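Visitor: here are the coordinates; sequence isn't available:
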């Protein structure tokens, strides 16, 4: 049967069947120029662009106790405000089925606790006026009405959270969103209590981005509009535990994307029931000009991260070429205030301390600057690393996606080299899962706890 007749035949089964066919045809084309460890991806969901912009926030992913995979993402835009769309896969990510129940979130992430699945985030995007949480007790098929935990104007996306000593730690940004003046804040939930009870949650102080004097501002001809004083800011923090320290590693937009790969580091202290955030330093981190997501793998003792490395962030000719692809600035064509907003490469990295990173490989890459594999969530799943991505097909721009895609990196631990030092005449190799509980003896220095 030729293609027109096949489409007509499918139309007999309704619009849904036709959409499935078109998605299958488009998916085959999408793979043709994508390379990488996870290039053979599966489309979880797809939609089309029109004159009223529709996109998603970051998808998140969990493996349920019944063995199914659950993926959730908020659909945002003029006509799709705050709809959390939930998909289940019963065949290990090969196919996905949408759950009909929806709740109003504009961003957030999934997590599991005691066999129940939660979605922690913020309210509908038209308001961004509260931190809220919902719970499903039937594998994501139905959801409780969201409960407000804290009032205020906040923003989040899917990033790392820590569960430690009966407490869940995560972090948000505050209004103004993705703009100078934005601050970060941490929250903590008591896992021994009912997480839908606001009394079981605490919130920290709000921490402002350090003054411009602490960060790089480009002083080069042609970059004046990209490095205005006061433009630098941070957002989308990851929470990690390194040794006995709780750290927030924070995305930084410095010189409007032209200074890439710099993260903010903040210390989170939880003492006598009080959460206190304080700025520690800036630190190089590949892809930190955009969203990045860190997970800890207990088996290898390593942190793993997905992020978007940049190829050419301060080449003005390259930047101007990208902008020339943009006939309707901010919508169709390359979108962003600098070439550091490139998102066509999704990198995979590993680290002992969540600060110093080694590249394991490329998950997915396209040479089309309008493509994007970004706003990801990685999940350690046996020997594999599963990743869901907010993916732009290249038909619109690299920022505004039209797909959610599922990627698998098989045997991901084999991509790492052994980083832990050893010296047979001094001390044995550091154990997996720890840097070392003590530092070695050096002349004039006693061994002391780290």
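Guide: Cool, the structure landed. Fair warning: this is a prediction, and the values are worked out from it, not measured in the lab.
Visitor: Going along the chain, name the strands of the stretch 101-250 of the chain.
Guide: With strands called from DSSP state E, counting those that start in this stretch, the stretch 101-250 of the chain shows them at 107-113, 116-122, 130-136, 147-151, 154-155, 162-164, 167-174, 183-190, 201-203, 207-208, 233-242, 245-253.
Visitor: got the angle for the fourth one vs strand 167-174?
Guide: To tie it back to what came earlier, the one meant is strand 147-151. Orientation of strand 147-151 against strand 167-174 (axes from the mean of the first three to the mean of the last three C-alpha atoms, to 10 degrees) gives an angle of 60 degrees.
Visitor: what does strand 147-151 rub up against?
Guide: The contact list for strand 147-151 (C-beta atoms under 8 Å, 6 or more residues apart in numbering) reads 123, 129-134, 187, 196-198, 201, 203. (Each C-beta comes from the backbone N, C-alpha and C, glycine too.)
Visitor: Enumerate the positions of that strand that are buried.
Guide: 147, 149-150 (16 or more other C-beta atoms under 10 Å).
Visitor: Confirm that residue 419 sits in a strand.
Guide: No - secondary structure of residue 419 (DSSP: H, G, I helix; E, B strand; the rest coil): coil, not part of a strand.
Visitor: so the residue lying closest to residue 137 once chain neighbours are set aside bridges to which residues?
Guide: Nearest residue to residue 137 in three dimensions, chain neighbours excluded: residue 116, at 5.4 Å (C-beta to C-beta, 6 or more residues apart in numbering). For residue 116, the beta-bridge partners are residue 113 (DSSP bridges).
Visitor: ranges for the helices of this structure?
Guide: Assigned by DSSP state H, the helices in the chain fall at 3-11, 15-30, 316-324.
Visitor: so how far is residue 295 from the residue nearest to residue 137?
Guide: Noted for residue 116: a distance of 21 Å to residue 295, by C-beta to C-beta, to the nearest Å.
Visitor: ok, now residue 414?
Guide: 17 Å.
Visitor: Kindly report the same for residue 170.
Guide: Applying C-beta to C-beta to residue 170 and residue 295 gives a distance of 14 Å.
Visitor: which one of those two has more residues nearby?
Guide: Each of residue 170 and residue 295 has its neighbours counted (other C-beta atoms under 10 Å); residue 170 has more, 24 against 18.
Visitor: Spatially, what comes nearest to that one if we skip its sequence neighbours?
Guide: Of all residues not flanking residue 170 in the chain, residue 161 sits nearest, at 4.2 Å (C-beta to C-beta, 6+ apart).
Visitor: Show me what residue 386 bridges to in the sheet.
Guide: Here residue 386 sits in beta bridges with residue 379, residue 408, going by DSSP bridges.
Visitor: Help me confirm that it comes into contact with residue 408.
Guide: Yes - with contact defined as C-beta atoms under 8 Å, residue 386 counts as touching residue 408 (5.8 Å).
Visitor: Which neighbours do the two have in common?
Guide: Shared contacts of residue 386 and residue 408, defined by C-beta under 8 Å, 6+ apart, are found at residue 93.
Visitor: Could you check which of these two has the larger neighbour count?
Guide: residue 386 (23 against 18).
Visitor: Please give me every residue in contact with the more buried one.
Guide: Neighbouring residues of residue 386 by C-beta under 8 Å, 6+ apart: 61, 69, 93, 378-379, 406-409.
Visitor: again with residue 176
Guide: Here residue 176 is in contact with residue 182 (criterion: C-beta under 8 Å, 6+ apart).
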